[in-house]
Structure formats: structure tokens, C-alpha cells
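A.B. asks: I need the structure of the sequence given here:
(one chain, ligands or ions: 1)
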Amino acid sequence: MPESQTNPAWDVLLELPSASSAGAAVRTLHGRLTSALRTAIRSGRVVAGATLPPSRALAADLGCSRWAVTEAYAQLVAEGYLEARPGSGTRVRWVQDDRASDVRRAPSAPPRARMDLAPGLPDLRAFPRARWAEALRAVTARATATDLGYVDPAGHEDLRAVLIEYLQRSRAASASSSAQLMLTTSTTSGVRRLCRALAATGHRSVAVEDPGWPRLSAAVREAGLEPFPVAVDDLGLRVADLGAWPSVRAVLTAPAHQFPNGVVMAPERRAALLRWAGHVEALVIEDDYDSEFRYDRPPVSTLQGMEPRRVALLGSLSKTLSPAVRIGWMLVPGPWADVLSHLESTPSLPPTLDQLAFARLLASGAYDTHLRRSRRTYRARRDLLVAELARLLPGVEVSGVAAGLHLVVNLPDGVPASSVVRGAEARGVHVADLDRYRAGGSGPPAVVLGYGNITDALVPQAVALLADVVAEHRTGARSRPAGRRGGGRTS
Ligand SMILES: Cc1ncc(COP(=O)(O)O)c(C=O)c1O
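C.D. replies: Take a look at the predicted model:
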């Protein structure tokens with residue numbers, strides 16, 4: 001409890017039992033006060049580190065003698081609940097044991113497997129805590145009164161200024177007057193907001209990649225639109241298939257690094273998609289979720305940079321820093337920005353001080369430094385994972401390795417992905433069944449391995465356990481040729 005909060009209504013907080021309801025041992029006023037304070041500390045209502053009011057002040061609040069308070073404090077110091085420091089008052093020292101805090105905690109999700117190879121998270125151990133804390137402290141000290149009021153619904157102008165510059169230089173995004181940068185709390189929230197704008201202007205559906213990230217399809221549905229799955233092949237979204245849905249005039253795609261297949265949209269598909277968008281006056285929602293991490297050649301630039309009048313570029317810090325930061329953005333064609341601002345008077349934004357802290361990291365170069373370091377870490381981890389997979393699962397094709405934080409292990413024929421996922425989970429390894437991301441349910445068996453949030457040291461062990469599980473299920477498939485899709489190839 002911060003010092004500023006140490007003056008709550010102590011009479012309410014302490015729930016002083018009446019003399020008649022208290023047990024024989026606590027009939028005296030100081031005894032009842034001791035008991036009430038002890039209960040408040042044990043229950044967590046008064047937390048470790050909190051400063052108690054001076055005895056004179058508490059006595060005045062409670063309408064009792066100062067002696068009763070000093071007696072209660074002395075008793076609890078002796079019991080170890082409080083500590084009295086000359087000059088700095090009396091503080092709560094007692095820290096609840098785990099059982100006590102568990103009682104108050106909401107029932108939590110089952111613990112995650114020890115070796116987390118599920119896709120979706122960056123390296124959370126590498127969050128630049130010191131940099132972030134320093135930036136937050138600095139902007140909190142410097143924020144103006146205006147900064148602390150209601151900022152522009154598109155986000156704080158300081159962040160938008162440095163962010164647009166970053167998107168131009170790192171993603172070849174277009175900052176032409178036909179595009180407006182708006183802050184979001186995540187890519188998912190940006191998709192939801194844009195879909196609401198589509199719904200408000202008469203759209204009923206959005207084409208989504210199949211397979212794809214299910215939370216984005218859920219966001220489409222939450223906005224009242226229907227997601228129409230369009231297949232993805234080795235060149236990316238099958239743009240020609242959009243013709244099967246003449247009523248669809250919006251598409252959600254991740255051209256820089258398709259999820260989960262990891263395909264980069266081929267130049268001819270990019271051109272075809274933009275031609276289609278121009279022809280039917282469509283909105284292309286470009287999910288640029290992990291484009292910062294491309295290992296074997298420079299990142300591909302954005303569709304938005306090629307056609308800012310038709311493409312909204314969406315990104316966030318979920319894969320570069322942490323999803324807990326809740327900062328994202330969308331660079332939206334002007335007319336769609338207008339629809340959004342009519343539709344939403346108070347869009348949910350990241351907290352202004354967090355926006356300013358990120359602006360500071362961007363402007364100082366600390367964000368770029370973090371990205372460079374992360375890229376090196378992930379490339380080395382990817383190399384290790386690919387090498388271990390080749391060593392322990394020879395003949396099994398691995399794909400989507402050139403970028404991002406995940407790859408796909410295409411299982412041999414006859415090895416059911418769901419059984420592999422269950423078997424791996426039982427051994428403490430968390431991986432995802434690719435079917436989870438398929439609109440139509442099932443396809444060739446494959447598992448998706450995310451390597452963002454596992455330690456390098458655990459990679460060999462996790463792959464060895466996964467290989468054991470695959471071997472168990474492979475018996476029935478042994479007569480068939482292994483790696484039917486190119487055996488051992490990595491792409
Ligand atoms: C393909 C894809 N797009 C978007 C997102 C969501 O990002 P955000 O946390 O910014 O909503 C994810 C998250 O894992 C993702 O995998």
C-alpha cells in the first residue's frame with residue numbers, strides 16, 4: 001500500500017469487535033484492537049509494507065486512548081506482524097503464506113506445461129524491464145497537464161509522430177495524406193473496430209485466411225460480420241478464390257508471414273490482391289503481427305505501402321515486447337478513419353503514460369536495440385530447434401522457418417496430430433495441433449511449434465520428448481514412406 005493510501009477509514013478497515021461479541025481473551029479494548037489489526041493483516045486488507053497511522057492519530061480515529069493503540073502495536077511487533085522503525089513509524093511486516101493468498105485468488109487455469117512450445121508468445125523473460133521502467137518514470141515526471149487529460153481519440157500525438165516514422169522506415173509503410181495512424185490496444189482490437197466500421201457501412205462478411213489465427217475470426221464475428229474462410233497455399237492467400245464470394249469486399253490477411261503456415265505472400269499474389277481490392281473497392285486488413293522477425297533475408301515490405309487507399313496496416317507490441325503492454329496501432333485509409341471517428345467517441349486506448357513511454361523507447365533507439373537483440377536470440381533458437389528436429393525426427397518435413405516465432409512440423413501420414421499434442425502434453429511439452437487453426441476442422445496432420453517463450457536449454461529435451469511421442473504413433477505408418485511432403489525438407 002503506498003504511503004498516500006495509509007490513511008483509509010481505519011475504523012471500517014479494522015472491524016473492531018464489540019466487547020460482548022469478543023472472546024474472553026480480547027475483552028479489553030487494546031486486546032480487541034490487537035485482534036482486529038491481526039485479522040486485517042492476515043486477510044490482506046492491510047498489506048506487507050503498509051505504514052500504520054501514528055498511535056495518536058489512530059486513537060483519535062477510533063475514539064480510544066492512545067495507550068490502547070501503543071499496547072496493540074507493541075503486541076503485534078512482538079508477534080512479528082509489525083515492525084517499528086525509529087523515525088519511520090510502524091509498518092506491516094507479515095507476508096501471507098501461499099495458502100492464505102490462494103484462498104482469495106480466483107481459481108486459476110491449470111498450470112501450463114513446463115516446456116512451452118505453443119505459438120503466440122515472445123520471450124517474456126527478455127522484456128526490457130529496466131528500460132520500460134526508466135521510460136515510464138521519465139514520462140511520468142515530464143508529462144504536462146494536457147498529457148494527463150483526455151488525449152486525442154487516435155492516440156497521443158507524440159507517439160503517433162515517432163511511430164509513423166518507424167513504420168515508414170522499418171515497414172515501408174505509406175504516411176501519405178490518405179492514411180491516418182490510430183492507436184489501439186492490440187491487433188485484435190483493431191480488427192474488431194475496423195469490422196464494426198465495415199458493418200456500419202453495410203458489409204456483412206470478411207474473407208479470412210484458412211488456416212488462420214482464430215481470435216481474429218472471433219473478432220470479426222464479435223463485430224457482427226461473418227468470416228468467410230479462403231484457403232492459403234505455398235504462395236499465400238488464394239486470391240482467385242475470393243471470386244467465389246462476390247458479396248465479400250473486405251479481407252483479413254497476414255502477407256508478411258502467414259499464420260500458422262509461415263508463407264510469405266508471393267509478389268504475384270500481392271499484385272492480384274491489390275488489383276482485386278481496387279476492382280471491387282475492398283478494404284484489405286493487413287495483419288503485420290510478427291514481421292520484425294525475419295531471419296534469412298530482410299523483411300518484406302507492407303501492402304499498405306503499395307496501396308494506402310485500400311489497405312489498413314495493423315500491428316502491436318504483443319510479439320516484440322509483451323501482450324501485457326496492450327499497445328497496438330492501425331494505419332487506416334482516410335475514409336475508414338472518418339467512419340471510425342464517427343462511430344466511436346471514446347475508443348479504448350492504451351494508457352497515455354504507456355503511450356509516452358513507448359514513444360520514448362522508439363525515439364531513443366532503445367526499441368530498435370531490443371528488436372535487434374531479440375532477432376539474434378530468436379534466430380539462434382530457431383536454428384537450434386530446426387537442427388534438433390532434423391536430428392531427432394529425420395525425414396519429417398518442417399516448414400515456415402524463415403521468419404516469426406513459430407514453425408510447422410508436418411507429421412508423417414497416419415500419425416494423428418491430436419494424439420501427438422496429448423502425448424506431448426502428458427510429458428510436459430505444450431505444442432498446438434494445426435487443425436485448431438483450420439476453419440474446416442481437419443487436414444494433413446501437423447503440429448505448430450512456437451519458440452518465442454521457451455529457453456534454449458529446454459529445446460533439445462522438448463524435441464526429444466516430442467520425437468518419442470511421434471515414434472510411438474508412427475508404428476502403424478511405418479510401411480508408408482516418411483515425409484510424404486518432401487521428406488526432411490525445411491522451407
Ligand atoms: C497471426 C496473429 N495475428 C494477430 C495476433 C494478435 O495480436 P494482438 O495481441 O496484438 O491482438 C496474433 C497473436 O498471437 C497472431 O498470432
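
A.B. asks: ramachandran angles for Ser170?
C.D. replies: When read as degrees, to the nearest 10, the backbone of Ser170 gives phi -100, psi -20.

A.B. asks: show me the contacts for it.
C.D. replies: Listed by Cβ atoms under 8 Å, 6 or more residues apart in numbering, the contact partners of Ser170 are 292, 299. Yep, even glycine has a C-beta here, placed from its N, CA and C like the rest.

A.B. asks: surely Arg91 is within a helix?
C.D. replies: No - going by DSSP: H, G, I helix; E, B strand; the rest coil, the assignment for Arg91 is strand, not a helix.

A.B. asks: who does it form a beta bridge with?
C.D. replies: Thr51, Glu83 (DSSP bridges).

A.B. asks: what's the burial count for it?
C.D. replies: 16 (other Cβ atoms under 10 Å).

A.B. asks: may I see the buried residues of stretch 261-270?
C.D. replies: 261-265, 269-270 (16 or more other Cβ atoms under 10 Å).

A.B. asks: let's have those residues in a markdown table, adding distance to Leu349, pLDDT and secondary structure.
C.D. replies: Below are those laid out as a markdown table (distance: Cβ to Cβ, whole Å; pLDDT from 0 to 100; DSSP: H, G, I helix; E, B strand; the rest coil):
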| residue | distance to Leu349 | pLDDT | secondary structure |
| --- | --- | --- | --- |
| Asn261 | 33 | 96 | coil |
| Gly262 | 32 | 96 | coil |
| Val263 | 33 | 95 | coil |
| Val264 | 32 | 95 | coil |
| Met265 | 30 | 97 | coil |
| Arg269 | 34 | 98 | helix |
| Arg270 | 31 | 98 | helix |
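
A.B. asks: quick check, pLDDT for Ala25.
C.D. replies: Looking at Ala25, its pLDDT stands at 46.

A.B. asks: nope, Thr39 is what I was after
C.D. replies: pLDDT at Thr39 comes out at 72.

A.B. asks: ok, it - how many residues close by?
C.D. replies: 14.

A.B. asks: how near is it to Leu393?
C.D. replies: 58 Å (Cβ to Cβ, to the nearest Å).

A.B. asks: ok, how many other residues are close to the residue nearest to Thr346 when sequence neighbours are not counted?
C.D. replies: Nearest-residue entry for Thr346: Pro153, 6.6 Å, with adjacent residues in sequence omitted and distances by Cβ to Cβ, 6 or more residues apart in numbering. A count of nearby residues for Pro153, using other Cβ under 10 Å, gives 15.

A.B. asks: now name the helix or strand holding Pro153.
C.D. replies: Pro153 is part of no helix or strand, with elements assigned from DSSP states H and E.

A.B. asks: over to the one 10 residues further on?
C.D. replies: Using DSSP H and E, Leu163 sits in helix 157-171.

A.B. asks: pull the CA atoms of that helix into CSV?
C.D. replies: In CSV, the C-alpha atoms belonging to helix 157-171 read as follows (Å, rounded to 0.1, in the frame of the first residue of the first chain):
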residue,chain,number,x,y,z
GLU,A,157,0.4,12.8,-30.9
ASP,A,158,4.0,12.3,-29.6
LEU,A,159,3.7,8.5,-30.1
ARG,A,160,1.9,8.8,-33.4
ALA,A,161,4.7,11.0,-34.7
VAL,A,162,7.5,8.6,-33.9
LEU,A,163,5.5,5.6,-34.7
ILE,A,164,4.7,6.7,-38.2
GLU,A,165,8.3,7.4,-38.8
TYR,A,166,9.2,3.9,-37.5
LEU,A,167,6.6,2.3,-39.8
GLN,A,168,7.9,4.1,-42.8
ARG,A,169,11.5,3.2,-42.2
SER,A,170,11.0,-0.4,-41.0
ARG,A,171,7.9,-1.5,-42.9
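
A.B. asks: show me which residues of the protein sit near the ligand.
C.D. replies: Residues of the chain found near the ligand (Cβ under 6 Å from any ligand atom) are 120, 186-188, 213, 216, 254, 259, 287, 289, 316, 318, 323, 328.

A.B. asks: got a quick PyMOL command for the buried subset of those?
C.D. replies: With 16+ other Cβ under 10 Å as the burial test, the buried ones among the residues of the chain next to the ligand are selected in PyMOL as follows:
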select buried, resi 120+186+187+188+213+216+254+259+287+289+316+318+323+328
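
A.B. asks: from the residues of the chain next to the ligand, which land in helices?
C.D. replies: When the residues of the chain next to the ligand are checked against helices (DSSP state H), the matches are 187-188, 216.

A.B. asks: could you give the number of residues near the closest residue to Ala40 other than its chain neighbours?
C.D. replies: Of all residues not flanking Ala40 in the chain, Val46 sits nearest, at 4.5 Å (Cβ to Cβ, 6+ apart). If you count neighbours by other Cβ under 10 Å, Val46 ends up with 25.

A.B. asks: could you do the one 10 residues further on as well?
C.D. replies: For Arg56, the number of neighbouring residues by other Cβ under 10 Å comes to 11.

A.B. asks: Gly63: which of the buried residues of stretch 261-270 is nearest?
C.D. replies: Gly262 (69.8 Å; Cβ to Cβ).

A.B. asks: for the nearest residue to the closest one once chain neighbours are set aside, give me phi and psi.
C.D. replies: Here the nearest residue to Gly262 in space, its sequence neighbours aside, is Gly400; by Cβ to Cβ, 6+ apart that works out to 2.0 Å. Here is the backbone geometry of Gly400 (degrees, to the nearest 10): phi 70, psi 40.

A.B. asks: three-state assignment of Leu362?
C.D. replies: Leu362 ends up helix, using three-state DSSP.

A.B. asks: tell me the pLDDT of it.
C.D. replies: 98.

A.B. asks: how near is the residue of the stretch 1-150 of the chain found nearest the ligand to Arg215?
C.D. replies: Scanning the stretch 1-150 of the chain for proximity to the ligand using Cβ to the nearest ligand atom identifies Gly120 as nearest, at 4.3 Å. According to Cβ to Cβ, Gly120 and Arg215 sit 9 Å apart.

A.B. asks: show me the residue at the heart of the protein, geometrically.
C.D. replies: Pro323 (2.1 Å; Cα atoms, centre = their mean).

A.B. asks: mind listing what's buried in the top strand by length along the chain?
C.D. replies: Assignment by DSSP state E gives strand 226-233 as the longest strand of the chain. In terms of neighbour count (16+ other Cβ under 10 Å), strand 226-233 has its buried residues at 227-230, 232.

A.B. asks: can you show me the helices along the stretch 301-450 of the chain?
C.D. replies: For the stretch 301-450 of the chain, the helices defined by DSSP state H, counting those that start in this stretch occupy 303-306, 334-343, 352-364, 366-392, 417-426.

A.B. asks: okay, and the helix or strand of the protein with the least pLDDT?
C.D. replies: helix 98-104 (a mean of 42; mean pLDDT, DSSP states H and E).

A.B. asks: alright, calling it a day.
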